[in-house]
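# here is the input, now give the coordinates:
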Amino acid sequence: MPQSRRLVLASTSRYRRELLQRLGLPFEAAAPHFDETPIPGEHSAATALRLATGKAESLVRTFPDALIIGADQVASSEGSRMGKPGDHETAVRQLRALSGKSAQLSMSELDALRQRLAQLWTPPAGAKNPQEIVVQVRMLLKPDGTLAAPPMATNSGSSALFMAARDSAMRAVLRGQPYDMLKPEHYEQWKDIEITFDPRDMLR
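Prediction:
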């Protein structure tokens with residue numbers, strides 16, 4: 001009986017790992033090395049396909065004999081992209097905006113924002129439990145992509161590791177502006193957003 005091919009998920013997202021685990025097949029996850037910056041004017045579905053393909057192809061040399069799976073997604077309604085809700089309040093706001101409308105999944109502008117923040121965030125080393133250094137930050141933005149107010153942490157912790165992670169997240173948000181990957185015509189969808197800084201998901 002021929003040996004089955006090695007299965008590799010081109011993502012370190014815990015959500016995608018959980019989805020693939022439902023198949024009951026052995027696999028491993030690896031961080032892709034691919035620029036996820038949106039291309040102006042590109043249709044959202046085409047962007048999702050380009051990113052998924054690019055992520056998988058970026059690992060071909062590392063895993064030459066493996067079957068590599070790449071994936072990406074975003075919600076869009078009537079041509080406007082919607083980011084991941086991140087919290088209950090944002091989810092309710094998005095559902096209300098979608099009331100009576102249809103939504104499509106493709107790549108999100110907020111994915112590019114999260115990628116920029118991930119490159120600027122330096123979580124402290126030494127945390128035995130990654131949950132200890134998860135930081136949630138609320139961002140109020142102007143139409144030009146700059147901050148309308150200082151970033152605010154919406155969760156709390158008392159450990160020195162959490163406070164270091166929080167301070168680094170705040171610096172990342174300040175340094176990352178202007179967030180020019182966010183389209184002005186979609187301003188109502190991203191003017192008030194919450195980003196979760198999680199080393200298990202953001203650092204790839």
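# what about residue 73, which helix or strand?
Using DSSP states H and E, residue 73 is not contained in any helix or strand.
# by mean pLDDT, which helix or strand of the protein comes out lowest?
strand 104-105 (a mean of 37; mean pLDDT, DSSP states H and E).
# in the next helix or strand after that strand, what counts as buried?
Remark: after strand 104-105, the chain's next helix or strand is helix 109-120, criterion DSSP H and E. Using 16 or more other CB atoms under 10 Å as the test for burial, helix 109-120 gives 109, 110, 111, 112, 113, 114, 115, 116, 117, 118. Quick note: C-beta positions are derived from backbone N, CA and C, even for glycine.
# elements contacting helix 109-120?
helix 160-176, helix 187-190, strand 192-197 (3 or more CB pairs under 8 Å, 6 or more residues apart in numbering; DSSP states H and E).
# quick one: name whatever helix or strand follows that helix.
Using DSSP H and E, the helix or strand that follows helix 109-120 towards the C-terminus is strand 135-140.
# show me what that next one pairs with in its sheet, parallel or antiparallel.
strand 152-153 (antiparallel), strand 192-197 (antiparallel) (DSSP bridges).
# pick the most buried one from these.
Among those, ranked by average contacts under mean count of other CB atoms under 10 Å, first place goes to strand 192-197 (a mean of 20).
# so, low pLDDT: which residues of this protein?
The chain contains residues with pLDDT under 70 at 1-3, 44, 74-88, 90-108, 202-204.
# which residue is nearest the centroid of it?
When CA atoms, centre = their mean is applied to the chain, the residue found nearest the centroid is residue 111 (4.4 Å).
# how close does that residue sit to residue 52?
Distance of residue 111 to residue 52, given as CB to CB, to the nearest Å: 12 Å.
# which residues are in contact with each of these two?
The contact sets of residue 111 and residue 52 overlap at residue 72 (CB atoms under 8 Å, 6 or more residues apart in numbering).
# name the SS class of residue 38, please.
coil (DSSP: H, G, I helix; E, B strand; the rest coil).
# hang on, it packs against residue 46?
No. Assessed by CB atoms under 8 Å, residue 38 is found out of contact with residue 46, at 10.6 Å.
# look at the two and report which has more neighbours.
residue 38 (19 against 12; other CB atoms under 10 Å).
# contacts only, for that one.
47, 107, 109, 112, 181.
# can you tell me which of those lies nearest to residue 19?
In terms of CB to CB, no member of those lies closer to residue 19 than residue 107, at 17.1 Å.
# what's stretch 11-30 in contact with?
Contacts to stretch 11-30, defined as CB under 8 Å, 6+ apart, come from residues 6-10, 31-32, 55, 59, 62-63, 69-71, 200-201, 203-204.
# now the residue nearest to the centre of the chain, nearest residue through space, not along the chain?
residue 36 (6.1 Å; CB to CB, 6 or more residues apart in numbering).
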